[in-house]
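**Student:** okay, structure incoming, though there's no sequence with it:
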């Protein structure tokens, strides 16, 4: 499970752990789960920030297409809302629960404290990459 802020950071800079994580996802060393609502969230955030990212709409579409090609799509049949203070975070947590994802990768761990009630641990990109060693 990949929160939007990690995807953004991975595209913003090729130097950080988020970029390394994206490379691992695209290289199929890390399994990624996605839903249609999360894909639309990714698209919205990235296209609003395309100037900052230095990417064209076509570049963003290509990134998302490639992400879809390696990700596992998960339908969500049960909503846990409201559980978190941000509805978009609720969407990410619901996907993690539906997919039985053991980890949710984000920079905003404080926003996902209730995730532990669902058996989902919240980690940073660095923590996930260290766990994979």
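**Tutor:** Looks like it arrived, so ask away. Keep in mind the model is a prediction, meaning the values are calculated, not measured.
**Student:** tell me what the helix or strand bottoming out on mean pLDDT in the chain is packed against?
**Tutor:** Using mean pLDDT, DSSP states H and E, the weakest-scoring helix or strand in the chain turns out to be helix 87-99, at a mean of 89. If you count contacts as 3 or more C-beta pairs under 8 Å, 6 or more residues apart in numbering; DSSP states H and E, helix 87-99 packs onto strand 33-34, helix 36-48, strand 103-105. Where you see a C-beta, it was placed from the backbone N, CA and C, and this is true even at glycine.
**Student:** among those, which is nearest residue 117?
**Tutor:** strand 103-105 (12.7 Å; C-beta to C-beta).
**Student:** skipping adjacent residues, who's closest to the spatially most central residue of the chain in space?
**Tutor:** By C-alpha atoms, centre = their mean, the mean C-alpha position of the chain lies nearest to residue 2, the distance being 1.9 Å. Nearest residue to residue 2, sequence neighbours excluded (C-beta to C-beta, 6 or more residues apart in numbering): residue 105, at 5.2 Å.
**Student:** how far does the host helix or strand of residue 18 sit from its chain's centre?
**Tutor:** Applying DSSP states H and E as the criterion places residue 18 in helix 17-26. Its chain's C-alpha centre and that of helix 17-26 lie 11 Å apart, by C-alpha atoms, centre = their mean, to the nearest Å.
**Student:** re the thing from before, for the least confident helix or strand of the chain, which positions count as buried?
**Tutor:** If you call a residue buried by 16 or more other C-beta atoms under 10 Å, then helix 87-99 has these buried ones: 89-99.
**Student:** ok, stretch 113-131 next?
**Tutor:** Applying 16+ other C-beta under 10 Å to stretch 113-131 flags 114-115, 120-125, 128-129 as buried.
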